[in-house]
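> My questions are about this predicted structure, shown below with the sequence.
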Amino acid sequence: MVPRFVRMVLVGAVVLGVLLAAAPASAVVGLVDGARPGGYRPEPWRTWVQEEWTAPAGRYCTFPLQVRVVTQNVRVRVVARYPDDTVRREEFAGPLVVDFVNGDTGRTARRDAGGSGAADYRPDGTWSRYTIVGPAGFGFRPGDHHPRGYYLLDGLHVIAFDADGTRRLTVAVGEQENVCLALGD
């Protein structure tokens with residue numbers, strides 16, 4: 001098994017490579033010169049609260065899946081906006097520990113979900129991509145282009161959203177734990 005520090009350095013290098021490969025050449029040149037593209041600077045971090053939720057049986061697991069927050073100190077900031085001032089990209093970071101609960105049996109699995117991520121939005125506000133440097137949770141539903149389940153993703157994972165909302169995992173470097181299986185699916 002690779003030590004966590006080495007794994008995080010490798011994931012960081014992959015993340016940097018993915019971001020640089022996806023960025024327009026002018027943005028990369030601007031960042032190398034120390035300037036931000038268009039003179040934009042990220043907005044200040046603010047507190048973000050992970051709400052507890054329950055997904056009905058069949059959405060992610062065969063049973064109702066509940067997520068209960070144990071501890072959290074998550075932050076979010078806007079790092080890019082469209083010309084009309086709508087949010088284009090947000091970053092999330094901070095500690096988060098949750099209990100995943102089988103709503104039928106009460107069986108519980110506690111997990112660290114306090115990684116970081118970047119959410120990219122289309123101009124209409126719908127999600128276009130979510131990049132995770134985990135651990136962080138994410139669900140795939142029937143009809144998505146990944147096996148149904150609610151996953152704890154650790155490492156680098158990128159989820160793309162088709163215009164119709166269908167989800168697909170486009171980059172998967174690291175571990176994927178389907179918590180539905182841990183809870184008895």
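Yep, that arrived.
> hang on, residue 183 packs against residue 111?
No: contact criterion CB atoms under 8 Å: residue 183 and residue 111 do not qualify, at 11.0 Å. All C-beta spots, glycine's among them, are computed from the backbone N, C-alpha and C.
> more crowded one of these two?
Higher neighbour count among residue 183 and residue 111: residue 183, with 23 against 20, using other CB atoms under 10 Å.
> In the beta-sheet assignment, what are the partners of the one residue sitting closest to the centre of the chain?
When CA atoms, centre = their mean is applied to the chain, the residue found nearest the centroid is residue 132 (3.9 Å). Beta-bridge partners of residue 132, counted by DSSP bridges, are residue 117, residue 157.
> Same question for residue 66.
Assessed by DSSP bridges, residue 66 has beta-bridge partners residue 54, residue 101.
> And the one 5 residues further on, by the same measure?
Counting by DSSP bridges, residue 71 forms beta bridges with residue 97.
> That one: what's it in contact with?
For residue 71, the contact set (CB atoms under 8 Å, 6 or more residues apart in numbering) comprises 95, 96, 97.
> if we can go back for a sec, intersection of neighbour lists for residue 183 and residue 111?
By CB under 8 Å, 6+ apart, the residues touching both residue 183 and residue 111 are residue 100.
> If you rank every helix and strand of the chain by mean pLDDT, what lands last?
Lowest on mean pLDDT, DSSP states H and E among the helices and strands of the chain sits helix 25-32, with a mean of 35.
> Name the residues of the next helix or strand after that helix that are buried.
Sequence-wise, the next helix or strand downstream of helix 25-32 (DSSP states H and E) is strand 46-48. For strand 46-48, the neighbour count (16 or more other CB atoms under 10 Å) marks residue 48 as buried.
> next one: stretch 146-155
The neighbour-count check on stretch 146-155 (16+ other CB under 10 Å) flags 146, 148, 149, 150, 151, 152, 153, 154, 155 as buried.
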